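Peer 1: Sharing a model that was predicted from the sequence below.
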Amino acid sequence: MILFIIGVSGTGKTTVGRLLASALDLPFFDADDFHPAANIEKMSKGIPLNDDDRAGWLTSLHAQALQCTDTGGGVFACSALKKAYRTILAKDIEDQTHFFLLKGNYELIMNRLQERKGHYMPPTLLQSQFDILEVTDEVIEVDIQLEASEIVAFIATRVSHR
């Protein structure tokens with residue numbers, strides 16, 4: 001079972017992903033750790049990534065997801081904003097891969113980003129993420145106004161019934 005906790009920056013992907021991984025006794029992977037230095041530098045300067053920037057990053061995440069299928073699964077916190085990105089991440093493991101979108105309105109998420117310290121992703125890039133977000137059939141939406149523990153319980157229940 002490969003679980004991707006997806007969404008724009010500031011939705012709580014890492015927090016929820018860590019809690020979910022712990023609850024399900026699966027390893028946790030933060031997609032931010034897979035970005036090459038050039039991507040981090042670009043985002044730090046307030047420049048949105050394009051599809052070419054993301055190609056190697058998505059390939060690395062997919063390779064890690066494939067490895068996890070051999071060891072029982074994993075939980076990934078990853079933006080995965082476009083359907084094309086999710087297609088790359090789930091290639092050859094579609095039957096084991098689930099995408100949960102942490103969804104909230106722009107104002108709520110902007111407030112979270114403005115309070116967040118020490119992250120390279122500046123709040124000025126939030127609109128660019130909303131602009132490319134594609135919500136499609138393979139995505140299960142979860143409201144970020146719920147407590148993190150409630151989100152984890154919802155996801156755990158959904159995957160246990162599959």
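Peer 2: Nice, I can see it.
Peer 1: Burial check on the closest residue in space to residue 64 that isn't next to it in sequence, number of neighbours?
Peer 2: Spatial nearest neighbour of residue 64, chain neighbours left out: residue 29 (5.9 Å); criterion: C-beta to C-beta, 6 or more residues apart in numbering. Quick note: C-beta positions are derived from backbone N, CA and C, even for glycine. Close neighbours of residue 29, defined as other C-beta atoms under 10 Å, add up to 21.
Peer 1: what do you get for the one 5 residues further on?
Peer 2: Applying the criterion other C-beta under 10 Å, we find 18 residues in the vicinity of residue 34.
Peer 1: again, but for the one 5 residues further on
Peer 2: Using other C-beta under 10 Å as the criterion, residue 39 is surrounded by 18 other residues.
Peer 1: looking at it, it is touching residue 53, isn't it?
Peer 2: Yes: counting by C-beta atoms under 8 Å, residue 39 touches residue 53, with 5.5 Å between them.
Peer 1: So which residues lie in contact with the helix ranked longest in the chain, not counting its own?
Peer 2: In the chain, with assignment by DSSP state H, the single longest helix is helix 51-69. Residues from elsewhere that reach helix 51-69, judged by C-beta atoms under 8 Å, 6 or more residues apart in numbering: 2, 26-27, 29, 31, 34-36, 38-39, 42, 74, 76, 78, 84-85, 88-93, 96-97.
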